[in-house]
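Q: Got a sequence here, can you build the structure:
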Amino acid sequence: EVQLVESGGGWVQPGGSLRLSCAASGLTIDDYVIGWFREAPGKMREGVSCISSNGFSTYYGDSVKGRFTISRDKDTVYLQMNSLEPEDTAVYYCAASRSAWSHRAEDFESWGQGAQVTVSS
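A: Numbers count the residues shown, from 1 in each chain. Model (predicted):
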C-alpha cells in the first residue's frame, strides 16, 4: 500500500521559513514524480513544486519561484519554504505520479493527508 505522510507544517510569521517533509512507503520514489500541491480556502488546488523520478528535473509554480526548493533523499521528499508570505497559507499535500513528467494534479494517483501551513503576524 502506497503511503505518503507529510510533516513539518505549522505557523510562522511573514518572512519566516518552514521545511515540509513527505515520507513515502509502499513505493520506490525512483519510479515516481513527486509533487507538492496546496489548497487555500476558497481557492483551487495549486501545483507548488515537483521533482522527477531521477531527481534531475524540477518544477516550481510562478508564485513560489526563488523562495521554495524541492529536494529528495532516499524515500523522503522535502520542500524548503523561505520568505513565506500570508498568501502561502494553505494545506500542503504531497503526491506521487507514475507519469514520465507532470505537474498537473490530475496526473497524480497517490496523495498524503496534508499539512497545514499558516503564515501570519
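Q: Quick check, D30 in contact with S52.
A: No: using CB atoms under 8 Å, D30 is not in contact with S52, being 10.1 Å away. Where you see a C-beta, it was placed from the backbone N, CA and C, and this is true even at glycine.
Q: So between those two, which is more surrounded?
A: Per other CB atoms under 10 Å, whichever of D30 and S52 has more neighbours is S52, with 16 against 11.
Q: List the beta-bridge partners for W11.
A: Beta-bridge partners recorded for W11 (DSSP bridges): T118.
Q: Next, count neighbours for it.
A: Per other CB under 10 Å, the neighbour tally for W11 reads 12.
Q: Ok, S102 next?
A: By other CB under 10 Å, neighbour count at S102 equals 17.
Q: so is it in a helix, a strand, or just coil?
A: coil (DSSP: H, G, I helix; E, B strand; the rest coil).
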